[in-house]
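Colleague: sequence first, then the predicted structure, then my questions.
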Amino acid sequence: MKRDYEEFKIRINALVAKAQKTPEEGWTMQDGTPWPGNNTRDHPGMIQVFLGYSGARDIDGNELPRLVYVSREKRPGYQHHKKAGAENALVRVSALLTNAPFILNLDCDHYVNNSKAVREAMCFLMDPEVGQDVCYVQFPQRFDGIDRSDRYANRNTVFFDVNMKGLDGIQGPVYVGTGCVFNRQALYGYGPPSMRSLSKSSSSSCSCCGCCSCCCPGKKAPKDPSELYRDAKREELDAAIFNLREIDNYDDYERSMLISQRSFEKTFGLSSVFIESTIMENGGVAESANPSTLIKEAIHVISCGYEEKTEWGKEIGWIYGSVTEDILTGFKMHCRRWRSIYCMPLRPAFKGSAPINLSDRLHQVLRWALGSVEIFLSRHCPLWYGFGGGRLKWLQRMAYINTIVYPFTSLPLIAYCTLPAICLLTGKFIIPTLSNLASVLFLGLFLSIIVTAVLELRWSGVSIEDLWRNEQFWVIGGVSAHLFAIFQGFLKMLAGIDTNFTVTAKAAEDAEFGELYIVKWTTLLIPPTTLLIINMVGVVAGFSDALNKGYEAWGPLFGKVFFSFWVILHLYPFLKGLMGRQNRTPTIVVLWSVLLASVFSLVWVRINPFINTVDSTIVAQTCTSIDC
C-alpha cells in the first residue's frame, strides 16, 4: 500500500508540474485546435462533461455522479462579480444538467475529510418536521498545516466553537462561504413552505381581536398597503411553486406563455428550460428539456449578458455588492424567514489550508473587515434592512449587526493601546480616582466578564490558550486590518476609489512551517509596529522618570507600566512574526514606525493637554516681580 501510494504521489506531482508550466503557444485540445480559455479574460463559455449518464459505474454497478467542468464566458467590459458570479453560473448550469435539490459549496482549497458529512447534512434538510424551513447546513471550518501554538489564531476556534454554536440556538449560524449544503429553492429567492401556511392563517384571522376565523368567519384581517407592496414580488415567486404543479400538462407554447406571464424571465433570465427547473420542488431535469440542445442552453445561461436586467445577485443566488458575499447571501435568506443549522460531527467534515504567515493573515482579515464595512454602507445593512413582516428575529439581527460593526471597534482600540504610553510619557495615570460605589460597580463588571468567559469555555470546550490567541489577534487585527478596512471601505463606497494594499515577500524558509517565518512588506504592518515602539519608549521613559524622582515614584510606576506591558503582551505574536526567524524585518516598516512614533511624541509635547492653560497676564506679572 505504501509503494502504491508513493507511485500515485509521483504521478500526481508530475501532472501538477505539467499543468503549471503553460506552453508559449497556449494549450491545445485533443483535436489540435487551440483551447478557447488560453486568454483567461476573454473567452467563450465552456462546458465539458467528464462523466454522464452513459459514463462509468462503480464496482457495485451503480452509476457515478455527473462530473462537469464549467468555465463561464469572460469578456472585457463586463462585471463578472468574482466568486459570487461564478457560484451563480454554476447554480444555473447544474439546474439544467442535473437539478439536484441540494448543493454542496466548497472552496477550491478544501477537501472532504468525512465521507459521512453529506449524509449528516441530509438528515437535517430532509427531516419531515424541520427540514422544509432549513435553507442551508453549515459545517465548521477546520485547517491543516497550522503550527501548534496557532500564533495568528488561524483556527478561529472561538468563532466556530462558541459563536456559531450560540447562533444555532436562534435562527441559525451565518454562512461562512464554504463547507455548506444548500437547499436549492432557498437560493432561488423563494421563502420557506411554512410562510405559505402562515400567510393563510393570518389572512383568516379576525380584524378586531386577532382570533381565528371560527369566531368571526366573515371578517379578514386588513394588511398594511406598504407591506403588501414590499412583499408582492416575493409572494409571487413563493406562489409559483404551488400554483404551477400542473405545468407538465401544457404544451411548449402554453408553457412558455405561462412562464412569461408570471414575469419569471425578468427574475431568472431568458431561459425557459432553466425557469421550469426552478419550480420543481424535488429537483430533476425537466421533461421538456431536449438532450440534444441541453449543452447549448447550459452555455447560454453562463454568457456575460445573461444576468442583465434580472434579479441575479440582487434577490436570488449569491448576492453581489460585497467582497464577503457569503454573509450577505445568508442574511437575505434569514430575512425571508429561513433558518439554518450548524452541524459539528466528531470527525471534521471538511478541511482546508489557511494563510499562516503574518502578512497573508492580515490581508485575509482585511478582506473580511472590508466586506463588513461595505455591507454597513449598503442598503442591506442589518440596522435597517428586512424589517417588513418581522421575518428576522431580533437576536439574529443583533448577531448580524455584530458581524458588520466590529471593524469600527478599531478606533477606540487604538486609543486604548496608545493611552498607557501617553500616561508614562506625561507622568499621569490612566485610571482616575474612583469613589467606593464606582469601585464596586467596576469590580462587579470586571468579575461578570470573567465569569461569562469561564462559562463559555466550559460550555464549548475551548481551551484557555485558544481564547488567549483569539484575544491577541483581535488586538493585532483591530489596530491594523480593521482600521484600514474602514478607510478603504469609505473611499470605495463614497468616492469610488478602490485601494489595494500589495504584499511583497521578503524572506522564506524551506523548513517545516517555513511559510510562518516569511516576512512580507505591507502597509498593514505600520500601525501595530508604531504602537509597539510608542509603548516601549513609554516604558523606558517611565523607568527613567522614576529613577530621577526617587523611591516614592516606584509605586505609581508599576500601575502605569502594567497597562503598557498588557498592550505589548497582546501584540507579542505580531512582534514575533515581524522579526521572523532570522530577525530580518523590512527596513521600511521600522522607518515608517519610528517616524510616526516621533511625530506623535513631538505633537503631544507641543499640545501638552495635561497642563492647565495659564493666563498670559498672570505670567507677565510674575515675571516682573523676579529680579533677573
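Modeller: Okay, I see it.
Colleague: any low-confidence regions in the stretch 301-450 of the chain?
Modeller: Counting by pLDDT under 70, the stretch 301-450 of the chain has low-confidence residues at 388-390, 430-434.
Colleague: just the helices in it please.
Modeller: Applying DSSP state H, counting those that start in this stretch to the stretch 301-450 of the chain gives helices spanning 325-335, 358-376, 394-405, 410-426, 436-460.
Colleague: so which of the ones you listed is nearest A495?
Modeller: With CB to CB, the closest approach to A495 among the helices of the stretch 301-450 of the chain belongs to helix 358-376: 13.7 Å. For the C-beta atoms, the positions are set from N, CA and C on the backbone; glycine is no exception.
Colleague: packing partners of the closest one?
Modeller: Secondary-structure packing of helix 358-376 (3 or more CB pairs under 8 Å, 6 or more residues apart in numbering; DSSP states H and E): helix 325-335, helix 394-405, helix 464-478, helix 481-494, strand 520-521, helix 572-579.
Colleague: pull out the buried residues from it.
Modeller: Residues 358-366, 368-376 are the ones in helix 358-376 that count as buried (16 or more other CB atoms under 10 Å).
Colleague: any chance of the helices and strands packed on helix 358-376 in JSON lines, with distance to D127 and mean neighbour count too?
Modeller: Output for these, formatted as JSON lines (distance: least, CB to CB, whole Å; neighbours: other CB atoms under 10 Å):
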{"stretch": "helix 325-335", "distance to D127": "18", "mean neighbour count": "24"}
{"stretch": "helix 394-405", "distance to D127": "21", "mean neighbour count": "18"}
{"stretch": "helix 464-478", "distance to D127": "32", "mean neighbour count": "19"}
{"stretch": "helix 481-494", "distance to D127": "39", "mean neighbour count": "19"}
{"stretch": "strand 520-521", "distance to D127": "47", "mean neighbour count": "18"}
{"stretch": "helix 572-579", "distance to D127": "43", "mean neighbour count": "19"}
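Colleague: just send the ones you listed back as a markdown table, with distance to Q185 too.
Modeller: Putting those into a markdown table (distance: least, CB to CB, whole Å) gives the following:
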| stretch | distance to Q185 |
| --- | --- |
| helix 325-335 | 11 |
| helix 394-405 | 20 |
| helix 464-478 | 36 |
| helix 481-494 | 32 |
| strand 520-521 | 44 |
| helix 572-579 | 45 |
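Colleague: which residue is nearest the middle of the chain?
Modeller: T324 (4.8 Å; CA atoms, centre = their mean).
Colleague: please name the nearest non-neighbouring residue to that residue.
Modeller: Leaving aside its sequence neighbours, T324 sits nearest to G371 (CB to CB, 6 or more residues apart in numbering; 2.7 Å).
Colleague: roughly how far apart are the one you found and E315?
Modeller: The spacing between G371 and E315, counted by CB to CB, to the nearest Å, is 19 Å.
Colleague: so N282 makes contact with N99?
Modeller: No: using CB atoms under 8 Å, N282 is not in contact with N99; the gap is 9.4 Å.
Colleague: hmm, back to that, what's near enough to touch the residue nearest to the centre of the chain?
Modeller: Applying CB atoms under 8 Å, 6 or more residues apart in numbering, we find T324 in contact with 177, 367-368, 370-372, 374-375.
Colleague: picking up where we left off before, which one's more surrounded, N282 and N99?
Modeller: Ranked by neighbour count (other CB atoms under 10 Å), N282 and N99 place N99 first, with 19 against 8.
Colleague: secondary structure class for the more buried one?
Modeller: Using DSSP: H, G, I helix; E, B strand; the rest coil, the structure places N99 in coil.
Colleague: can you give me the distance of it to L569?
Modeller: 55 Å.
Colleague: where does this structure have low pLDDT?
Modeller: Applying pLDDT under 70 to the chain picks out residues 52-56, 195-263, 287-289, 388-390, 430-434, 497-519, 550-553, 555, 579-628.
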